[in-house]
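Chemist: Below: sequence and its predicted model.
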Amino acid sequence: MSTPAAAASGGAPDAGGHRPPLDGPALERALVRPGGLWRSVDVRSETASTNSALLDRARGGAPGGTVLAADLQTAGRGRLDRGFDAPPRAALTVSALVRPGVAPPRLGWLPLLMGVAAVRALRSGPDVPAVLKWPNDLLERSSELKLAGILSEAAFPGDPDAAGGGAGNAGVGVVIGIGLNVSQRRGELPVDTASSLALCGAPGADRQELCAELLKEFAALYTAWADAGGDAEAAGLAGEYHACCATLGRRVLAHLPGGRELRGRAARVDADGRLAVHDDAGAEHTLSAGDVVHLRPDGG
């Protein structure tokens, strides 16, 4: 069982490399405002997975605007249940619950908006240039090493996994989580295709400030998107995503379920957040995040 984090100042690693915990009350003071998106911010010293824990709360009827962060995840996971590992207080792991009340197909834009929020936050804080890889990765711009992964999961009213059979749910809930590598050293990263803000020239990156800025940016993007009924184009957000996304305009190789492959040029992201790929015969294929096992640049 997870326990609340002790009160602390939060912040960047000190000169001795000590990594301070997040300060939950300070984040709540910075983010929770009358009429704003965020209603509560809960910081735990340890939990299995912020997404899993918040998804359970969503199924039990937790309100939109609930945020859960942790200094350590013991069973962190990404898309397709891939693991996410980081030393205590080295990464920013935070999940947010929203209840947008838009058509379910449009929910595919939510992880894309979190990606744009992360690009904005890194631009304004530690000044690490970043780009997005559809559907759920944040990359350092020049090396294209992975800095973060994003995971979006929905809890529907009456979900059979919900406590009490889903009683108390107020519409579809979506949990969007992000795991951002902040202060990891090279030997603390699980694969050589990953990096951290510290390794990208920002050893003083402050998790507390990053968390607040990320959630402020997401709230602004989400509010515009929800007010437009989930229409990213009408909200003026599609163009910004396209400008941030390094996948578009490139040849890609999509590994699909059942061992199938699709090669072609990534053309655009549609109104439901799906990737349109034009194959070499000129046919268009539309892929949702759930359709793709891996998506890689294709040199062939």
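Modeler: Perfect, thanks for sending it. Remember, it's a predicted structure, so these values are computed and weren't measured experimentally. Numbers count the residues shown, from 1 in each chain.
Chemist: Could I get the full set of helices for the stretch 1-150 of the chain?
Modeler: Residue ranges of the helices in the stretch 1-150 of the chain, as given by DSSP state H, counting those that start in this stretch, are 24-31, 50-59, 110-124.
Chemist: possible to save those helices as JSON lines with distance to Ala219, mean neighbour count and mean pLDDT?
Modeler: Where you see a C-beta, it was placed from the backbone N, CA and C, and this is true even at glycine. Formatted as JSON lines, the helices of the stretch 1-150 of the chain follow (distance: least, Cβ to Cβ, whole Å; neighbours: other Cβ atoms under 10 Å; pLDDT from 0 to 100):
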{"stretch": "helix 24-31", "distance to Ala219": "8", "mean neighbour count": "18", "mean pLDDT": "98"}
{"stretch": "helix 50-59", "distance to Ala219": "16", "mean neighbour count": "23", "mean pLDDT": "94"}
{"stretch": "helix 110-124", "distance to Ala219": "8", "mean neighbour count": "24", "mean pLDDT": "97"}
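Chemist: Now do the buried residues in the longest helix along the chain.
Modeler: In the chain, taking DSSP state H as the definition, the longest helix is helix 207-227. Judged by neighbour count (16 or more other Cβ atoms under 10 Å), helix 207-227 contains these buried residues: 207-219, 221-222, 225-226.
Chemist: from what I can see Asn181 touches Ala90, true?
Modeler: Yes. Contact criterion Cβ atoms under 8 Å: Asn181 and Ala90 qualify, at 7.4 Å.
Chemist: Return every residue with contacts to both of the two.
Modeler: Shared between the contact lists of Asn181 and Ala90 (criterion: Cβ atoms under 8 Å, 6 or more residues apart in numbering) are residues Ser196.
Chemist: Looking at those two, which is more packed in?
Modeler: With other Cβ atoms under 10 Å as the criterion, Asn181 and Ala90 differ in neighbour count, and Asn181 comes out ahead with 28 against 22.
Chemist: Let me see the contact set for the nearest residue to that one once chain neighbours are set aside.
Modeler: With sequence-adjacent residues excluded and distances taken as Cβ to Cβ, 6 or more residues apart in numbering, Asn181 is closest to Ser196, at 3.8 Å. Listed by Cβ under 8 Å, 6+ apart, the contact set of Ser196 reads 90-91, 147, 181-185, 188-189.
Chemist: please redo it, this time with the cut-off set to 7 Å
Modeler: Listed by Cβ atoms under 7 Å, 6 or more residues apart in numbering, the contact set of Ser196 reads 147, 181-184, 189.
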